[in-house]
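Student: Model the following, please.
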Amino acid sequence: MQPTFVLVHGAFANSFSFAPLQAELGLLGHRSVAVDLPGHGFQATFTRAYQAPQDPEGLATAPGSIKGVTLADNAAHLIGILERAKRNGPVILVSHSRGGITATAAANARPDLIDRIVYVSAWCPVGLDVGDYYAEPEMAGVDPTAFASALAGNPAELGLLRVNFRTGNPDSLAAFKAAFFADGTDEQFLTFLNTFQPDENLDAGGSADRAQGATWGRIPKTYIRLADDASLPLALQDRLIREGNELTPDNPYDVHTVGGSHLKWLVDPAPAARALGALATLPAPSGQA
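Tutor: Modelled structure (predicted):
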C-alpha cells in the first residue's frame, strides 16, 4: 500500500515551508500531508505591531496564541493526525529541526502509528535534554544567543519566544542567513524568512521526552544528514545517530546525506524528495514490525 508521508516542521516554521517538497513528492507519485503544530500556520499570531512600520513596544508586549503550548500538546496534535493517516495505510513520519522533538515524543507514545520515522537534520535527544547538547563539543561553533538582537520582548513575561524576523538590523539578518541558509541567494533567504512566524513555544521537553528504546526503538528509522548545516552541525547530527544506534543496536538508523544548509533542502527539494521516495519501498529491518 502507498504510504503517507507526514511532515513536521521546526521552530518558527509551519506547513507552508513544505510546499515545494510536497510538490516534488507528488510529482514522484507520493502522498504527503504537512502538519501545523498548535499555534502555527493560520493559528499563529501576526500582530499589527509586526507590520511595517513596526511598533517595537507593541511587538514586545502583544500576547501570542502559542503561549502555554507544551510539547505534550504538540505530540497529542501530531498523534491525532497520525491516527487519521494510518487509516489509509502505512505512515512515514518525517521531521525537521525542532520538529524532531515532537516526532520523538509521539513515537514514544504511539509507535503503532508509525511505520518509519525519518529525521532530516532534526533533534532526537537520547543521552541529554536538547538544551544540554548546546554545551557539548559538537555545538561549539553554534551561538544560541546569536539572534539576541532580534528578540522582541521578555520570554518569561510573554510566555513564549518572539523573534522579529522582519528586522532591518543587518547584523541580525547576517546571523540568520549564516545559521539557516548560507548557500541560498539573498532573495531566497529573505523569501524564506518571510514564511517564518515570530512566535515559538518555550517547551523543548525534558528527560522523559528523550527517545525510549521500548517504544520509539521499535520503529524502523532513517536519518537524513544535511552536510552543510550550521545550526545543527554535522557533528551533532552524527552524535544523535550514534546515540540512537547505541540505544537500539538491533534497529540502527538507515543513514543518507543531502548537501546543503538547514533550509536549502526545502527550497531545492528534489534530492531530499528522491531520498524520501526511496523509503516508500524500503523493507523494515529484520525483526521489525
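Student: just for the chain, where's the confidence low?
Tutor: 283-289 (pLDDT under 70).
Student: what about the strands in it?
Tutor: Using DSSP state E, the strands of the chain run over 4-8, 31-35, 91-97, 116-122, 161-162, 199-200, 221-226, 254-258.
Student: The fifth one pairs with which strands?
Tutor: Translated: strand 161-162. Here strand 161-162 is paired, per DSSP bridges, with strand 199-200 (antiparallel).
Student: what comes into contact with the partner strand?
Tutor: With C-beta atoms under 8 Å, 6 or more residues apart in numbering as the test, strand 199-200 has contacts from 11-12, 39, 44-45, 64-66, 98, 160-163. For the C-beta atoms, the positions are set from N, CA and C on the backbone; glycine is no exception.
Student: Just the buried subset of the residues you listed, please.
Tutor: 11-12, 39, 44-45, 64, 66, 98, 160-163 (16 or more other C-beta atoms under 10 Å).
Student: Run through the residues that contact Asn169.
Tutor: 149-150.
Student: Quickly note the distance from it to Leu279.
Tutor: Going from Asn169 to Leu279 by C-beta to C-beta, to the nearest Å gives 41 Å.
Student: What's the local residue count around the closest residue to Phe192 other than its chain neighbours?
Tutor: Excluding its sequence neighbours, the residue lying closest to Phe192 (C-beta to C-beta, 6 or more residues apart in numbering) is Leu263, at 5.7 Å. Neighbour count for Leu263, taken as other C-beta atoms under 10 Å: 29.
Student: Would you mind getting the angle between the helix ranked longest in the chain and strand 91-97?
Tutor: Scanning the chain for the longest helix, with DSSP state H as the assignment, gives helix 71-86. Angle, helix 71-86 to strand 91-97, by axes from the mean of the first three to the mean of the last three C-alpha atoms, to 10 degrees: 150 degrees.
Student: hmm, back to that, please identify which of the buried ones among the contacts of strand 199-200 is nearest to Glu83.
Tutor: Nearest to Glu83 out of the buried ones among the contacts of strand 199-200 is Gly39 (C-beta to C-beta; 20.9 Å).
Student: returning to that earlier point: packing partners of the longest helix of the chain?
Tutor: strand 4-8, strand 31-35, strand 91-97, helix 99-109 (3 or more C-beta pairs under 8 Å, 6 or more residues apart in numbering; DSSP states H and E).
Student: Tell me which residues are up against the first one.
Tutor: Counting contacts by C-beta under 8 Å, 6+ apart, the residues outside strand 4-8 that touch it are 15, 18, 21-22, 25, 30-35, 37, 78, 81-82, 85, 88-96, 99-100, 102-103, 276.
Student: what's the answer for the third one, then?
Tutor: The set of residues external to strand 91-97 that reach it, using C-beta under 8 Å, 6+ apart, is 3-11, 13, 82, 85, 102-103, 106-107, 113-123, 231-232, 262, 266, 276, 279-280.
Student: go again using 7 Å as the cut-off
Tutor: 3-11, 82, 85, 102-103, 113-123, 232, 262, 276, 279 (C-beta atoms under 7 Å, 6 or more residues apart in numbering).
Student: Run the chain-centre distance for that strand.
Tutor: 8 Å (C-alpha atoms, centre = their mean, to the nearest Å).
Student: can you check stretch 114-130 too?
Tutor: 10 Å.
Student: Next: stretch 140-155.
Tutor: 18 Å.
Student: Need the CA coordinates for that stretch. PDB is fine.
Tutor: Backbone C-alpha positions of stretch 140-155 (Å, rounded to 0.1, in the frame of the first residue of the first chain) are rendered in PDB as follows:
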ATOM      1  CA  ALA A 140      30.900  24.600  20.000                       C
ATOM      2  CA  GLY A 141      30.500  26.600  16.800                       C
ATOM      3  CA  VAL A 142      26.800  27.400  17.400                       C
ATOM      4  CA  ASP A 143      26.000  30.500  19.400                       C
ATOM      5  CA  PRO A 144      22.500  30.100  20.900                       C
ATOM      6  CA  THR A 145      22.400  33.900  21.600                       C
ATOM      7  CA  ALA A 146      23.400  34.900  18.100                       C
ATOM      8  CA  PHE A 147      19.800  36.100  17.400                       C
ATOM      9  CA  ALA A 148      19.500  38.100  20.700                       C
ATOM     10  CA  SER A 149      19.400  41.400  18.800                       C
ATOM     11  CA  ALA A 150      16.200  40.300  17.100                       C
ATOM     12  CA  LEU A 151      14.400  39.100  20.200                       C
ATOM     13  CA  ALA A 152      11.200  41.000  20.900                       C
ATOM     14  CA  GLY A 153      10.000  41.200  24.500                       C
ATOM     15  CA  ASN A 154      10.900  39.100  27.500                       C
ATOM     16  CA  PRO A 155      10.100  35.400  27.000                       C
END
